[in-house]
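S.K.: I'd like to go over a predicted model; first the sequence, then the structure.
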Amino acid sequence: MANYPRLLKLDKDTKEGLILYLDRELTDHRSERQDYVDNIIKWQKDYWAEPSVEVRTFPFKGAANIIIPLTAITFEAVHARSMMKLYGLDQFTSAEVFKRDLPSGSDVALERFMDFHLKAMKAKKSFNDIATEQEKFGTGIGKNGYVIEKRIATRTIGDEEEDFEVLTKHGPTIDPVAGPRFLMRFTENDPQTAAWCGEEHSWTPHQVQVAEDSGLFEKGTMESLKAWISNSNTSDSSGSGQSVTHAQAENESREPVFPKRRDYVEVWLAWDVDGKPVMGFDEYATAPKTKEIQTFYHHESRVLMGTRYNWKDDLSRPYRLKQYIPLEHRWNGIGICKQCAQFQKEVTTIHRQRLDNATLANMRMFKVHKLSGYGPREPIFPGKMWFLDDMDYIESFQMGEVYNSSFANEQSSVLYHQQYSGVNEITLGMPSVGTPGTATGDLARIQEGSKKGDFTFSNLKDLIDELLIDTFINIKQFGSKHSDYFNVVENGDLVLNLLNQPVDQIRSGLLFKIETVKQQSNRLSSRNDWTQVAGMLQQYYTSSIELAMGIGDQQLAQVIMKKALFAATEAMRQILETFDIRNISRITLVDLLESMERQANGQGALPPGSTGNTIQGGNPRAGGINQAPGMDAFSQVIAALGQRG
């Protein structure tokens, strides 16, 4: 049965030194990230766009209370576009094989293998959360992990009950890491080179117990933490990710009643596990011999829940991050919430003022002379007759005037926001304000406006691509729960061959490339492109043949028709491959044309039953079709086709 890598047995001095180092680093980092966490709490509140009071009393009772949700409008437009680019097609993964001696079809087999495992891992939810945080707060963080979950089941065998373990989870995972829970110094730029990095966890007692039983934590961890219960409603969680969770629960009115959880941190760092001086303290001038480790630590009780060597073959750390709009020399970036913050406040203020102004302008009141005989409770209704001694005794007046400039100010603020965020009425699919422009002008605006969206999406795509290759390497190292895949699915042996390749060559991309499908590589787009190219090729060669016949050059016309056969066959092969059609050589002229090419080059015909891989229009170095004696019959066929045409 599968097991986690072994836990380390640290001596007392080494354990105490590690605890002291973690205490100091975590305390310092929590204090420096207080403003960062407070900003995220504020941005979440802006996105939620809930008024602070139900009824406003200033400047008068019942004044406008609406919040214009610019943050939500912008984020949802960007996020919908990003997720449709990722999941608009059934195919998610694109693979390209570079190594020459790998069997043909390995790329397609690898694509199907990765798509199957991503679906089994429910990676779509993880990618959605990663993209959400990247777009909202400026930094998306993903974690490639490995999980083993064992649970105890009881079965009745005869007259006795017997307990046994059931492996409910086993294999690689892709998990989103919330920005407020990610731990790394702000002076660092990359988790792979940082002095240390990690994340905060908040688990229920049941989750901690299952992890201990599965071998993630040391035995007795649950008993050691029995008295330590974190209550997010009452505990001081400032500077931690738990405070963001609590604030969001308040926004949603979904606060838990008794949130009994265990809060601990997972830290990846280099440490001397042999008991030498503690790394990081100023009194030690030279750093000791360190090794990459993973440790779980409960800060409040100062309990090490488990420590093990970095279990990855290439000693990489599991965290990957990318920015929405990057900042120079910083690991955190600028997101939509930061872009919209000041504009949402300004537009909301102007909009409220405009509504309140209109309310006052339409609010008619009466000034009544003391001797008119009418009191404050005098009923008012259409057609009422007023009997007065003086016509000036009763007169209506309004409390304000309508100022058209307020609407222009509001639209100006919205325009500045659109310029900053890159989301406008065209991006939202809305008709443009004012006089409609030409179709050419709108197309040019769409093309220019999409550049910023393409840039931010490419950052998200790079992050997911890194997580994909990490997932493949984790499967190579630890295997998968779905081990029958290689025997059941067609071409599973080709994937097994890829998994047996060296890790360093896989990581460096020398053998193959795994990435999310992009417009240039997905099969549907490629199919449409080649279908259009085939039509253009037909027109091109038809016109060329007519021109050659028009000038009376029969030899040139034959050469053009030969080239046309090669081009048409190659286009058809490309189209059929996008449909995943097998035995393409039996459907097209691939074998026939390649045999004639080999004969023309003096290599002999292809063996019976063999299939060619590529079609070349003659000798590429010569720049055309070679004339050879073996092509006489073929020339006669072409000539006959030309006469028939």
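M.R.: Thanks, I have it.

S.K.: every contact and neighbour count from this point should use C-alpha atoms.
M.R.: Fine.

S.K.: nearest residue to the middle of the chain?
M.R.: The centroid of the chain falls nearest to residue 131 when counting by Cα atoms, centre = their mean (3.9 Å).

S.K.: excluding its backbone neighbours, what's nearest that residue?
M.R.: Spatial nearest neighbour of residue 131, chain neighbours left out: residue 140 (6.2 Å); criterion: Cα to Cα, 6 or more residues apart in numbering.

S.K.: and that neighbour, what pLDDT?
M.R.: Reading off the confidence values, residue 140 has pLDDT 96.

S.K.: quick revisit: hang on, the residue nearest to the centre of the chain packs against residue 460?
M.R.: Yes - counting by Cα atoms under 8 Å, residue 131 touches residue 460, with 6.7 Å between them.

S.K.: any shared contact partners between the two?
M.R.: residue 140 (Cα atoms under 8 Å, 6 or more residues apart in numbering).

S.K.: tell me the domain ranges of this structure?
M.R.: 364-398, 523-644 (automatic domain parsing).

S.K.: state the pLDDT value of residue 594.
M.R.: 74.

S.K.: same check on residue 431?
M.R.: The model reports residue 431 with a pLDDT of 67.

S.K.: cool, residue 604 as well?
M.R.: Reading off the model, residue 604 has pLDDT 57.

S.K.: over to residue 357?
M.R.: 85.

S.K.: please apply the same query to residue 208.
M.R.: 92.

S.K.: please name the nearest non-neighbouring residue to the residue of the chain lying at maximal distance from its centre.
M.R.: For the chain, the largest distance from the centre (Cα atoms, centre = their mean) belongs to residue 389, which lies 78.1 Å off. In space, and not counting its chain neighbours, residue 389 is closest to residue 372: 7.2 Å by Cα to Cα, 6+ apart.

S.K.: now do the contacts for that neighbour.
M.R.: So residue 372 contacts 388, 389, 393, 394 (Cα under 8 Å, 6+ apart).

S.K.: so who does the last one touch?
M.R.: Taking Cα under 8 Å, 6+ apart as the contact definition, residue 394 lies against 366, 367, 368, 369, 372.

S.K.: can you turn the buried part of those residues into a ChimeraX selection?
M.R.: In ChimeraX syntax, the buried subset of these is picked out as below (16 or more other Cα atoms under 10 Å):
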select :368,372
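
S.K.: name the nearest residue to residue 292, sequence neighbours excluded.
M.R.: Residue 292 sits nearest to residue 270 (Cα to Cα, 6+ apart), 4.3 Å away.

S.K.: all strands for the stretch 251-400 of the chain, in order.
M.R.: Assigned strands in the stretch 251-400 of the chain, in chain order: 262-271, 291-298, 303-309, 319-323, 364-368, 394-398 (criterion: DSSP state E, counting those that start in this stretch).

S.K.: packing partners of the first one?
M.R.: Think strand 262-271. strand 196-203, strand 291-298 (3 or more Cα pairs under 8 Å, 6 or more residues apart in numbering; DSSP states H and E).

S.K.: would you turn those into CSV with mean neighbour count and mean pLDDT?
M.R.: Listed next are the helices and strands packed on strand 262-271 as CSV, based on neighbours: other Cα atoms under 10 Å; pLDDT from 0 to 100:
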stretch, mean neighbour count, mean pLDDT
strand 196-203, 20, 94
strand 291-298, 20, 95
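
S.K.: among these, which comes closest to residue 403?
M.R.: Residue 403 lies closest to strand 196-203 among the helices and strands packed on strand 262-271, at 52.4 Å (Cα to Cα).

S.K.: name the residues of the helix or strand just after the closest one that are buried.
M.R.: Remark: after strand 196-203, the chain's next helix or strand is helix 205-214, criterion DSSP states H and E. Applying a neighbour-count criterion of 16+ other Cα under 10 Å, one finds 205, 208, 209, 210, 211, 212, 213, 214 buried in helix 205-214.

S.K.: now do the strand or helix carrying residue 28: which elements does it pack against?
M.R.: Using DSSP H and E, residue 28 sits within helix 12-32. Secondary-structure packing of helix 12-32 (3+ Cα pairs under 8 Å, 6+ apart): no helix or strand packs against it.

S.K.: quick one, what contacts the residue lying closest to residue 506 once chain neighbours are set aside?
M.R.: Using Cα to Cα, 6+ apart and skipping residues adjacent in sequence, the residue nearest residue 506 is residue 512, 7.0 Å away. Counting by Cα under 8 Å, 6+ apart, residue 512 makes contact with 95, 96, 97, 98, 99, 506.

S.K.: CSV for the helices and strands packed on strand 262-271, including distance to residue 325?
M.R.: Formatted as CSV, these follow (distance: least, Cα to Cα, whole Å):
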stretch, distance to residue 325
strand 196-203, 22
strand 291-298, 31
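
S.K.: for stretch 46-60, what is the distance to the chain centroid?
M.R.: Taking Cα atoms, centre = their mean, to the nearest Å, one finds the center of stretch 46-60 at 34 Å from the center of the full chain.

S.K.: which residues sit against it?
M.R.: Residues from elsewhere that reach stretch 46-60 (Cα under 8 Å, 6+ apart): 61-69, 71-72, 251, 337, 341.

S.K.: so which residues of the stretch 301-450 of the chain form helices?
M.R.: 336-361, 405-421, 439-478 (DSSP state H, counting those that start in this stretch).

S.K.: what does the stretch 51-200 of the chain give?
M.R.: Ranges of helices in the stretch 51-200 of the chain, per DSSP H, counting those that start in this stretch, are 70-87, 106-120, 123-137.
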